[in-house]
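Engineer: Have a look at this prediction, sequence included:
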Amino acid sequence: MCKKKITCNTKTSEEADEERNENKNVKTSIEKKESGESEINMNETGDTRRESSSDSCNCDSTNDNNRTHLDEASKDDVASMQDSLQEKQHQSREAITKEKPEAQKQEMLFENLKIKNIFYKPINFEMSFFACDITGSLFLADGSLILCDNANSNVILLDKSFRMLHKIHFEGNPWDVALVSTNEIIVTLKSQKSLSYVNVESGRLTEGMSISLKRVPWGIATYKDNIITTFHNNPGKGVIEIRNRHGKVLRNITVDKHGQELFASPCYVAVNQHNGDIYVTDSRKQSITCLTFEGKPLYRMESEELKWPRKVILDDQGNCLLCASLANKILLIKNKSKSPLQSKEEKSEFRVWLKKCKRPQTVSIRWEDQTMIVGLNAKNMMLVLE
């Protein structure tokens, strides 16, 4: 603490002028504070310190040090604020970057698939008497794959790298498969005229409850607690049956409101999980028909390009990827569920998605890594696109 220096009242003219200037500065500062201006003013701080310096040279030194520390502290505060702002901006950009993939992942669209590699994967598993005939396929939530080998009457479980984990043999020639829950699937058994539940757990398949039928089942899909199955006499008397999970028939879909038969040989079926719309391929009519879950026709597309249509799958917008087996192609068909019923060829509404694909019968996509498999007729291999 500095001692106050005692001086006489006699002041020089320079001292008097300096005091008047200091008083003027203090007055100006007070006016600024009253008018709402910032209280932090470097000039005011300097003037106040000069007033103290006229009293004591020791205080002069102390105040100079204080001013230096204050300047340094102010610089530190500004730097700290800048660092904090930059950190917040970085976190904000990081959050936006993280949100984008999640938003894209929710919208699963065929047009967003980026295929870079196509190859054949051998699937001639031991104990297969005939060449494999993969007619049904399904990716599970953990990335493993289910295949229906109709020729050898096997349901096969493959891991994410397409190595066999387990298979189960049926006497009924499994044709198609659908997901019931995370660890349960259901398959159509043509020769046995039945549906069979299969449990999937710890890399193994276990046969579950069976549902007996009066006719030969073909394609199958699920929607909520309902099972949708296609039937026909190969050809003729085509029908779509909707059952509950215990096998009770809830309703049949066979004709339109004019009594006209909708199907000749309905082969495969898919259901839009967002609204329940049903999509059915008909091999004899070379068509795909879309109906509401209640059975009201929304549109039909017939074309030579759809020659012998087999499996159809959907994306989140209701667009279709369809195996045109005898045309050796896979077609991408735009969703037209809000359009009037169509009966003639409209090439603008579909395009060839994959050509020179020998007899495709089923197709499935693992959306998490955009891997697609195509099951082929009478081939000991499947096509893999990734």
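Structural biologist: Cool, the structure landed.
Engineer: got a list of contacts for the helix or strand hosting Ile228?
Structural biologist: Using DSSP states H and E, the element containing Ile228 is strand 226-231. Contact with strand 226-231 is made by 178, 186, 188, 195, 213, 215-222, 237-245, 247, 250, 263, 266-269, 271, 278, 280, as judged by C-beta atoms under 8 Å, 6 or more residues apart in numbering. Glycine gets a C-beta too; all of them are placed from N, C-alpha and C.
Engineer: Throw together a ChimeraX command that grabs the buried residues out of those residues.
Structural biologist: The following ChimeraX line selects those of the contacts of strand 226-231 that are buried, judged by 16 or more other C-beta atoms under 10 Å:
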select :178,186,188,195,213,216,217,218,219,220,221,222,238,239,240,241,242,243,245,263,266,267,268,269,271,278,280
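Engineer: Low-confidence bits of the chain, can you list those?
Structural biologist: Where the chain drops to pLDDT under 70, the residues are 1-106, 124-128, 337-348.
Engineer: Next, count neighbours for the nearest residue to Val200 once chain neighbours are set aside.
Structural biologist: Nearest non-adjacent residue to Val200, counting by C-beta to C-beta, 6 or more residues apart in numbering: Asn183, 5.2 Å away. If you count neighbours by other C-beta atoms under 10 Å, Asn183 ends up with 15.
Engineer: Quick one: residues contacting Asn183.
Structural biologist: For Asn183, the contacting residues are Asn199, Val200, Glu201, by C-beta under 8 Å, 6+ apart.
Engineer: Could you do Ser283 as well?
Structural biologist: Shown in contact with Ser283 (C-beta under 8 Å, 6+ apart): Pro235, Ser265, Cys267, Trp308, Pro309, Arg310.
Engineer: so which of these comes closest to Lys116?
Structural biologist: Among the contacts of Ser283, Arg310 lies closest to Lys116 (C-beta to C-beta), at 25.7 Å.
Engineer: Without its sequence neighbours, what residue ends up closest to the closest one?
Structural biologist: Leaving aside its chain neighbours, Arg310 sits nearest to Cys323 (4.2 Å; criterion: C-beta to C-beta, 6+ apart).
Engineer: Please identify which helix or strand holds that neighbour.
Structural biologist: Assigned by DSSP H and E, Cys323 falls within strand 320-324.
Engineer: With only the CA atoms kept, save that strand in CSV.
Structural biologist: Presented in CSV, the C-alpha positions along strand 320-324 are these (Å, rounded to 0.1, in the frame of the first residue of the first chain):
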residue,chain,number,x,y,z
CYS,A,320,-40.8,-52.2,-57.2
LEU,A,321,-37.8,-54.3,-58.1
LEU,A,322,-39.0,-57.3,-60.1
CYS,A,323,-37.4,-60.4,-61.5
ALA,A,324,-38.5,-60.9,-65.1
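Engineer: quick one: buried residues of stretch 166-181?
Structural biologist: Lys167, Ile168, Phe170, Gly172, Asn173, Pro174, Trp175, Asp176, Val177, Ala178, Leu179, Val180.
Engineer: swap in stretch 310-321?
Structural biologist: Residues of stretch 310-321 classed as buried: Arg310, Lys311, Val312, Ile313, Leu314, Asp315, Gly318, Asn319, Cys320, Leu321 (neighbour count, 16+ other C-beta under 10 Å).
Engineer: Quick check: the two most widely separated of the residues you listed?
Structural biologist: Farthest pair in these (C-beta to C-beta) is Arg310 and Gly318. Separation: 19.1 Å.
Engineer: rewinding a little: quick one: residues contacting the residue nearest to Arg310.
Structural biologist: Contacts of Cys323 (C-beta under 8 Å, 6+ apart): Pro309, Arg310, Lys311, Val312, Ile330, Pro360, Gln361, Thr362, Val363, Val374.
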